[in-house]
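Colleague: coords below, sequence missing:
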């Protein structure tokens, strides 16, 4: 039975195409990679709402690692997939290491040791967690901020000095990555947006 689980997960890892992510993981120092792994585990345990990739990337860059937010996001996604799949199939640290070695990911020994250690220390409780077996299918809104502004210059708009609402949404996607989405709305658009939120709130009160 254990062999069947290992074969199943190995085929998923190979099919998922993590080559570029694994190549970038090789350049991450073991201590920073361990920090990233712990963040992912904490998200899967529902201890934190998500992994703030931008904040983590800034910390990595401060430590001297040349990596972009997009590249680090792929690494976080790969680790999230590995840990959530290992939890789903109740894999041991040895089985997880074996999969990565036999899938020819060519990860450095130090990185494999980090994965083995983190999974040994925290993976068992994750495997037993019901939440970990139900990987979130959608995102989660973490913060909503808005401010009123006035357009004073533009290359495309003929009429200026009009008010607008700038909105910043902080969200965690299904892989646990935290990003901030910013956009602007005209006053009529924001009023319609607010109206829809009131309608949603009214429906939720009836549930």
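Modeller: That came through, no problem. Because the structure is a prediction, the values reported are computed rather than measured.

Colleague: wait, what's in contact with the residue nearest the centre of the chain?
Modeller: Closest to where the C-alpha atoms of the chain average out (C-alpha atoms, centre = their mean) is residue 177, at 2.2 Å. The neighbourhood of residue 177, defined by C-beta atoms under 8 Å, 6 or more residues apart in numbering, consists of 50, 51, 53, 73, 76, 77. Backbone N, C-alpha and C define where each C-beta goes, glycine included.

Colleague: report the buried residues of stretch 52-64.
Modeller: 52, 53, 56, 57, 60 (16 or more other C-beta atoms under 10 Å).

Colleague: how about stretch 86-105?
Modeller: 86-89, 91-93, 95-97, 99-100, 103, 105.

Colleague: so for it, mean pLDDT?
Modeller: For stretch 86-105, mean pLDDT rounds to 79.

Colleague: quick one on the thing from earlier: nearest to residue 187, of the contacts of residue 177?
Modeller: residue 50 (31.8 Å; C-beta to C-beta).

Colleague: and the closest residue to the residue nearest to the centre of the chain other than its chain neighbours, what does it touch?
Modeller: With sequence-adjacent residues excluded and distances taken as C-beta to C-beta, 6 or more residues apart in numbering, residue 177 is closest to residue 53, at 5.1 Å. Contacts for residue 53 were tallied using C-beta under 8 Å, 6+ apart; they are 69, 72, 73, 76, 177, 178, 179.

Colleague: cool, residue 32 as well?
Modeller: Going by C-beta under 8 Å, 6+ apart, residue 32 touches 59, 60, 63, 65.

Colleague: the second one against residue 24, yeah?
Modeller: No: applying C-beta atoms under 8 Å as the test, residue 60 and residue 24 come out as separate, 11.1 Å apart.

Colleague: any shared contact partners between these two?
Modeller: Jointly contacting residue 60 and residue 24 under the rule C-beta under 8 Å, 6+ apart are 67, 72.

Colleague: pLDDT value on the residue nearest to residue 177, please?
Modeller: The model's pLDDT for residue 53 equals 87.
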